[in-house]
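J.: here's my sequence, what's the structure:
(chains A, B, C and D)
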There are 2 protein chains.
Amino acid sequence: MVFSAAQLIRRDGVTATGLREVAAHAGAPRGSLQHYFPGGKEQLVNEAVEWAGRYAAGRIDRFMAQLSRPTPGGLFAAMVRQWTDEYRSAGFAGGCPVAAATVDCAESVASTQAAAAAAFASWRRPIARELTAMGVPSRKAGALAILMVSALEGAILMAKAEQSVRPLTTVARELGPYLDSCVEAGSGEEVL
Amino acid sequence: MVFSAAQLIRRDGVTATGLREVAAHAGAPRGSLQHYFPGGKEQLVNEAVEWAGRYAAGRIDRFMAQLSRPTPGGLFAAMVRQWTDEYRSAGFAGGCPVAAATVDCAESVASTQAAAAAAFASWRRPIARELTAMGVPSRKAGALAILMVSALEGAILMAKAEQSVRPLTTVARELGPYLDSCVEAGSGEEVL
DNA sequence: TGCCGATTATGACAGCGGTCATGATAATGG
DNA sequence: CCATTATCATGACCGCTGTCATAATCGGCA
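T.: Residues are numbered from 1 along each chain as shown, chains lettered A, B, ... in the order given. Presented below is the predicted three-dimensional model:
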């Protein structure tokens, strides 16, 4: 149910997503909403945002496991590829639910704004951790995580607007080498 | 009136912005909406998005005029500073209206999606032009413009969610040196 | 002044939104 | 088997939205 909410939110935005629609999409009875989400729409949206944050964080681990030669640029490329794959196969309907919640509710609903902030933080945390594991100085890792998430979110936005994966591929190509250059020499098992 | 629409859209999102609210904010009579925007809300939103695109493009020229030593990193820093200034002085209520339109309407309203795409394009165009004027190879300039807009949009989003200018300042600090490194040696009047 | 188009004012309408109240059904445990 | 809780179903309410229809008002021009 929370998953259905996230899916609809990332497509139509928070305000345009109705609770009846969420229930229908989840195949759940409308009465369940009131029972499991006594906090109303606000609670459902917040949980959807939190779920998205955990999901994004979990993806980082899976991306790292798939990389044979882990590099910052490779991780970023994997993050971007998830979106290019979706856009190419399913069209440009989707977006980031956290971004949608930020745009639609950050000003009016304090709890949702806090949930979005927490989601971004829980997304950046594993990224920074993996960056340091790859040899990026720990002080720089946090900054690079911010840069990576920012660039990805912006590229998602532009890609959806232009109905093209080009912003995504461009950002990955431009940022990859720079990210790799932030690995401290002598760390890890790099061949060089 | 279009300006008022853009201002409300960037704060509350497209769906949450009512036409009556726009008219009230603009100090305009409600009947005027129907007269000047026979296309209804869709037309008003599209014009607001187009206006935002032109505004962003115009800012690029003004930023360039203010820079004594024009560099790609300096231009990006100026773009970022516009947002840090606003957030510090007026709070984190605002966002990018083009981003809001993309999130809220890109899937459902084709004309608005096209307007958002045009706005992003007309924003990137002067950026790429100035980059080439600063000595960035013309093929690379377009890619860097995409990167700059993406990173800025994403940082705006994160800043609004986290109620902190840190994403903005971090992105500017990280990306600036890389952007500057893309200037071809020997071009322009650099001292070196 | 009298007219006519441009503008504004106002109200109605139909639809959808979230929320609540109430009642039915199922599941659980004594 | 009963009772008590959890889950679901349904309909009603109120507020708001975009849109339209209609009428009033204004501005210039003959």
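J.: ok, then the element right after the lowest-mean-pLDDT helix or strand in chain A?
T.: Within chain A, no helix or strand scores below helix A:30-36, which has a mean of 92 by mean pLDDT, DSSP states H and E. Toward the C-terminal end, the helix or strand that comes next after helix A:30-36 (DSSP states H and E) is helix A:40-66.
J.: is that following helix positioned near chain B?
T.: No. Against chain B, helix A:40-66 shows no contacts by Cβ under 8 Å from any Cβ of the partner chain, the least distance being 9.5 Å. Using the backbone N, CA and C atoms, a C-beta is placed for each residue, glycine as well.
J.: after that helix, next one along is what?
T.: helix A:72-90.
J.: so the following helix or strand past that following helix versus helix B:97-105, what angle?
T.: Downstream of helix A:72-90, the next assigned helix or strand under DSSP H and E is helix A:97-105. Here the directions of helix A:97-105 and helix B:97-105 differ by 110 degrees (axes from the mean of the first three to the mean of the last three Cα atoms, to 10 degrees).
J.: who's in contact with helix A:97-105?
T.: A:6-7, A:9-10, A:13-15, A:45, A:48-49, A:52-53, A:56, A:112-113, A:115-116, A:119-120, A:123, A:153, A:156-157, B:12-13, B:15-16, B:95, B:99-100, B:103-104, B:157, B:160-161 (Cβ atoms under 8 Å, 6 or more residues apart in numbering or on different chains).
J.: ok, now with 6 Å
T.: Residues outside helix A:97-105 that contact it (Cβ atoms under 6 Å, 6 or more residues apart in numbering or on different chains) are A:6, A:9-10, A:13-15, A:49, A:52, A:112, A:116, A:119, A:153, B:13, B:95, B:100, B:103, B:157, B:160-161.
J.: buried set for the least confident helix or strand of chain A?
T.: Buried residues in helix A:30-36, counted by 16 or more other Cβ atoms under 10 Å in any protein chain shown: A:L33.
J.: kindly report the same for stretch A:81-101.
T.: Going by neighbour count (16+ other Cβ under 10 Å), the buried part of stretch A:81-101 is A:83-84, A:87, A:92, A:94-101.
J.: swap in stretch A:118-125?
T.: Buried, per 16+ other Cβ under 10 Å, within stretch A:118-125: A:118-120, A:122-124.
J.: as JSON lines, the residues you listed with pLDDT would be great.
T.: Below are these laid out as JSON lines (pLDDT from 0 to 100):
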{"residue": "A:A118", "pLDDT": "98"}
{"residue": "A:A119", "pLDDT": "98"}
{"residue": "A:F120", "pLDDT": "98"}
{"residue": "A:S122", "pLDDT": "97"}
{"residue": "A:W123", "pLDDT": "98"}
{"residue": "A:R124", "pLDDT": "98"}
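J.: what's the farthest-apart pair in those?
T.: Using Cβ to Cβ, these span at most 10.9 Å, a distance reached by A:A118 and A:R124.
J.: do you know how far A:E107 is from chain B?
T.: To chain B, A:E107 is 5 Å away according to Cβ to the nearest Cβ, to the nearest Å.
J.: and that residue, how many neighbours?
T.: Neighbour count of A:E107, defined by other Cβ atoms under 10 Å in any protein chain shown: 21.
J.: next, give phi and psi for it.
T.: With angles defined as degrees, to the nearest 10, A:E107 sits at phi -80, psi -40.
J.: excluding sequence neighbours, find me the nearest residue to it.
T.: Of all residues not flanking A:E107 in the chain, B:A93 sits nearest, at 4.9 Å (Cβ to Cβ, 6 or more residues apart in numbering or on different chains).
J.: ditto for A:E162
T.: Among residues not flanking A:E162 along the chain, B:A117 sits closest, at 4.4 Å (Cβ to Cβ, 6+ apart).
J.: anything in the helix or strand encompassing that neighbour near DNA strand D?
T.: B:A117 is part of helix B:110-133 when elements are defined by DSSP H and E. No. Helix B:110-133 does not reach DNA strand D (Cβ under 7 Å from any atom of the strand); its nearest approach is 11.9 Å.
J.: helices or strands next to that helix in the packing?
T.: Judged by 3 or more Cβ pairs under 6 Å, 6 or more residues apart in numbering or on different chains; DSSP states H and E, helix B:110-133 is in contact with helix A:138-162, helix B:40-66, helix B:97-105, helix B:138-162.
J.: for those helices, give me JSON lines that also has distance to DNA strand D and mean pLDDT.
T.: Conversion of the helices and strands packed on helix B:110-133 to JSON lines gives the following (distance: least, Cβ to the nearest atom of the strand, whole Å; pLDDT from 0 to 100):
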{"stretch": "helix A:138-162", "distance to DNA strand D": "21", "mean pLDDT": "97"}
{"stretch": "helix B:40-66", "distance to DNA strand D": "3", "mean pLDDT": "96"}
{"stretch": "helix B:97-105", "distance to DNA strand D": "11", "mean pLDDT": "97"}
{"stretch": "helix B:138-162", "distance to DNA strand D": "21", "mean pLDDT": "97"}
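J.: deepest-packed of the ones you listed, please.
T.: helix B:97-105 (a mean of 30; mean count of other Cβ atoms under 10 Å in any protein chain shown).
J.: picking that back up, for the residue nearest to A:E107, phi and psi?
T.: In terms of degrees, to the nearest 10, the main-chain angles of B:A93 are phi -80, psi -40.
J.: nearest spatial neighbour of the residue nearest the centre of chain A, skipping sequence neighbours?
T.: For chain A, the residue nearest the mean C-alpha position is A:A56 (4.9 Å; Cα atoms, centre = their mean). Nearest non-adjacent residue to A:A56, counting by Cβ to Cβ, 6+ apart: A:W123, 4.3 Å away.
J.: who are the contact partners of that neighbour?
T.: Taking Cβ under 6 Å, 6+ apart as the test, what A:W123 contacts is A:53, A:56-57.
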